[in-house]
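Asker: Below are the sequence and a predicted model; questions follow.
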Amino acid sequence: MQDCKVIALCNQKGGVGKTTTTANLGVGLAMLGKKVLLIDADPQGDLTTCLGWPDQENLSVTLQTQMKKVIYDEPIDPNAGILHHTEGVDLIPSNIELSEMEMTLVTAMNREHTLATYVNEIKGNYDYVLIDCMPSLGMTTINALVAADSVIIPVQAQYLSAKGMTQLVKTINKVKRQIKPNLKIDGVLLTLADMRTNFAKVTSEFIKQNYSGVIPIYDTVIPIAIKAAETSAVGKSIYEYDKGSKVAEAYAQFSKEVLMDGEKQHHKAKSTFSR
Ligand code: ADP
Ligand code: MG
């Protein structure tokens with residue numbers, strides 16, 4: 001597979017739905033027939049837990065093991081440590097040991113490219129690689145941005161932090177200017193929306209007004225629901241845990257949007273190329 005798309009799910013604010021979105025977008029894309037690898041790039045290991053590996057302390061290979069191999073210039077086995085979820089996605093897990101990476105990266109040669117080097121070794125087996133970022137804009141997150149082709153920004157519909165958003169866009173633009181000129185922001189996904197209120201609309205209006213031309217907003221809005229919160233502990237996607245629910249429908253719809261977006265860009269790139 002040549003056209004793997006690597007997407008970082010990024011927002012330095014915690015609790016905005018990055019992890020939930022990574023898991024359910026991943027499974028959603030797998031349901032649409034795509035081969036998907038999820039990367040847990042948060043030392044809290046929430047994605048690893050939410051996909052059903054809560055005892056992550058005992059995992060022998062994690063993202064940190066593989067990044068260390070890159071740093072120490074050791075050979076990487078692309079299959080090592082990859083976990084297979086019953087719903088058809090693969091996972092590179094993480095645990096608290098990844099928190100050492102912030103410090104280790106500082107002195108590493110090619111420090112911004114460590115994760116990219118690893119991702120480039122394994123992405124040949126996949127159509128999509130989704131990276132679940134931690135809630136900070138430190139070295140590990142910069143590594144995720146450098147490894148990525150594009151970024152999806154989950155934003156909690158009720159609590160858009162204008163300052164936080166500016167900081168995030170600044171960081172993305174800096175990575176773009178200094179390291180990765182073709183890094184793209186695919187869009188903002190409004191999550192945790194209480195459909196009884198108008199906040200999702202207000203938030204999307206705010207983003208449209210303040211970032212018009214810079215950040216598109218996905219049509220799909222993810223509603224808030226208790227069952228969706230429960231999925232972070234049950235090791236299942238929302239499609240399995242609460243089949244037919246509004247959140248399951250929304251994530252299925254969102255997965256289609258992401259897929260179509262990718263295909264549009266692919267055709268565009270092809271037609272530019274053939275001109
Ligand atoms: P982040 O990765 O940005 O910190 P999470 O995906 O972990 O965000 O979500 C934060 C919390 O909100 C978690 O407890 C999660 O289970 C819950 N949550 C996520 N999406 C929903 C939703 N649509 N409805 C209700 N709770 C949700
Ligand atoms: Mg998270």
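Answerer: Cool, the structure landed. Ligands and ions are numbered 1, 2, ... in the order given.

Asker: Could you give the backbone dihedrals for V36?
Answerer: V36 adopts backbone torsions of phi -130, psi 130, taken as degrees, to the nearest 10.

Asker: Then S237?
Answerer: Per-residue torsions, S237: phi -80, psi 170 (degrees, to the nearest 10).

Asker: how about the residue of the chain found nearest ligand 2, what does it touch?
Answerer: At 3.3 Å from ligand 2, T19 is the closest residue in the chain, using C-beta to the ion. C-beta coordinates here come from the backbone N, C-alpha and C atoms, glycine included. The contact partners of T19, taken as C-beta atoms under 8 Å, 6 or more residues apart in numbering, are D42, D46, L47, C50, D132, S232.

Asker: now Y126
Answerer: Counting by C-beta under 8 Å, 6+ apart, Y126 touches M1, C4, K35, V36, L37, D90.

Asker: same deal with K18?
Answerer: Going by C-beta under 8 Å, 6+ apart, K18 touches L9, C10, N11, D132, C133, P135, P154.

Asker: Could you find the closest non-adjacent residue to it?
Answerer: Spatial nearest neighbour of K18, excluding adjacent residues (C-beta to C-beta, 6 or more residues apart in numbering): L9 at 4.8 Å.

Asker: these two touch, right, that neighbour and D132?
Answerer: Yes. L9 is within contact range of D132, at 5.6 Å (criterion: C-beta atoms under 8 Å).

Asker: quick revisit: what's the neighbour count on the residue nearest to K18?
Answerer: L9 has 28 neighbours, counted by other C-beta atoms under 10 Å.

Asker: Identify the bridge partners of it.
Answerer: Judged by DSSP bridges, the bridge partners of L9 are D132, I152.

Asker: residues from the chain in reach of ligand 1?
Answerer: Within the chain, the positions lying close to ligand 1 (C-beta under 6 Å from any ligand atom) are 14-20, 46, 135, 191-192, 222, 224-225, 228-229, 232, 247.

Asker: So which bits of the chain are right by ligand 2?
Answerer: Counting by C-beta under 5 Å from the ion, the chain comes close to ligand 2 at K18, T19, D46.

Asker: cutoff 6 Å now
Answerer: K18, T19, D42, D46, D132 (C-beta under 6 Å from the ion).

Asker: Now the second one: closest residue in space, sequence neighbours ignored.
Answerer: In other words, T19. Leaving out its chain neighbours, the residue that sits closest to T19 by C-beta to C-beta, 6+ apart is D46, at 4.5 Å.

Asker: I'd say that neighbour and A233 touch.
Answerer: No. D46 is beyond contact range of A233, at 10.4 Å (criterion: C-beta under 8 Å).

Asker: Same drill for these two, tell me which one is more crowded.
Answerer: The residue with more neighbours, out of D46 and A233, is D46; 20 against 11, by other C-beta under 10 Å.

Asker: Output the contacting helices and strands for the lengthiest strand in the chain.
Answerer: Taking DSSP state E as the criterion, the chain has its longest strand at strand 184-193. When contacts are defined as 3 or more C-beta pairs under 8 Å, 6 or more residues apart in numbering; DSSP states H and E, strand 184-193 packs onto helix 18-31, strand 150-156, helix 199-210, strand 217-223, helix 246-274.
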